[in-house]
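Engineer: Show me how the following folds:
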Amino acid sequence: MTQKKYFPIIVSSPSGGGKSCICREILKKNKDILYSISYTTRPPRENEDDGKDYFFISKRHFRKMRRNGDFLEWAKVHGHYYGTSRKVIENALSQEKFIILDIDTKGTKKFLKRMPEALSIFLFPPSMKILEKRLKNRNTDDEKTIQFRLRNARKELADSWYYDLFLINDEISIVVDKILQEVKNKSEGIYLN
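Structural biologist: Here you go, the predicted model:
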């Protein structure tokens, strides 16, 4: 009998692609998966809490952490910095837990160079029209920001070729089940593709 392997799980999608929702559902269904809270310099949205959704810090603090090598990856996205704490990831794995990360394509590339054993998953929106509708329905951005996010989405879709798994995020429960099955297969050393 082989020993179960634990590894980070990266979920990426364009802004509005549903990665946060998918991550929340995965966490509800599997208690062996923890959530990696990223650091960011962007201000919190109305429904976000420091230490739960993100660690909201100043640019100065972020630059200090970056210089100290505290991040496994970091990126500037939509004018703000985001980073994944090395300590958070290493602590989860040492406790024999999976850890799920909600990061963009730039961050994923950097992360995979340091931890190639991670499972990387890219979520495609059903269409660009649906993505635009989701961004508008969030009511968090003005039209200029939405158009900026849509331009970035096209770049991210083109830059997703190196991910392990590609899923169209049109039915949450099906996507969640597919991801959990892939995690199980990889942790047990079973590869179907």
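
Engineer: burial measure for Phe62, as a count.
Structural biologist: Using other CB atoms under 10 Å, Phe62 is surrounded by 21 other residues. Using the backbone N, CA and C atoms, a C-beta is placed for each residue, glycine as well.

Engineer: And Gly51, by the same measure?
Structural biologist: For Gly51, using other CB under 10 Å, the count is 8.

Engineer: Ok, Lys106 next?
Structural biologist: By other CB under 10 Å, neighbour count at Lys106 equals 18.

Engineer: how much space between it and Glu156?
Structural biologist: Distance from Lys106 to Glu156, counting by CB to CB, to the nearest Å: 9 Å.

Engineer: the strands in the protein, which residues?
Structural biologist: Under the criterion DSSP state E, strands of the chain are mapped to 8-12, 33-35, 39-40, 55-56, 71-77, 80-85, 98-102, 119-124, 165-168.

Engineer: what are the phi and psi values for the residue lying closest to Pro126 once chain neighbours are set aside?
Structural biologist: Closest residue to Pro126 apart from its sequence neighbours, by CB to CB, 6 or more residues apart in numbering: Asp170 at 4.3 Å. Main-chain torsions, Asp170, degrees, to the nearest 10: phi -120, psi -20.

Engineer: I'd assumed Phe124 was in contact with Asp170.
Structural biologist: No. Taking contacts as CB atoms under 8 Å, Asp170 lies outside contact range of Phe124: 9.0 Å.

Engineer: Those two: which is more packed in?
Structural biologist: Phe124 (19 against 14).

Engineer: Tell me which residues touch that one, please.
Structural biologist: Ser13, Gly17, Leu157, Phe166, Leu167, Ile168, Asn169 (CB atoms under 8 Å, 6 or more residues apart in numbering).

Engineer: Do you have the helices of the chain handy? List them.
Structural biologist: Assigned by DSSP state H, the chain shows helices spanning 19-29, 59-67, 86-94, 105-114, 128-138, 143-158, 172-187.

Engineer: on that earlier part again, flag whichever of the strands of the chain has the least confidence on average.
Structural biologist: Lowest mean pLDDT of the strands of the chain: strand 71-77, a mean of 89.

Engineer: And it, what does it pack against?
Structural biologist: Strand 71-77 is packed against helix 59-67, strand 80-85, helix 86-94, helix 105-114, with contacts defined by 3 or more CB pairs under 8 Å, 6 or more residues apart in numbering; DSSP states H and E.
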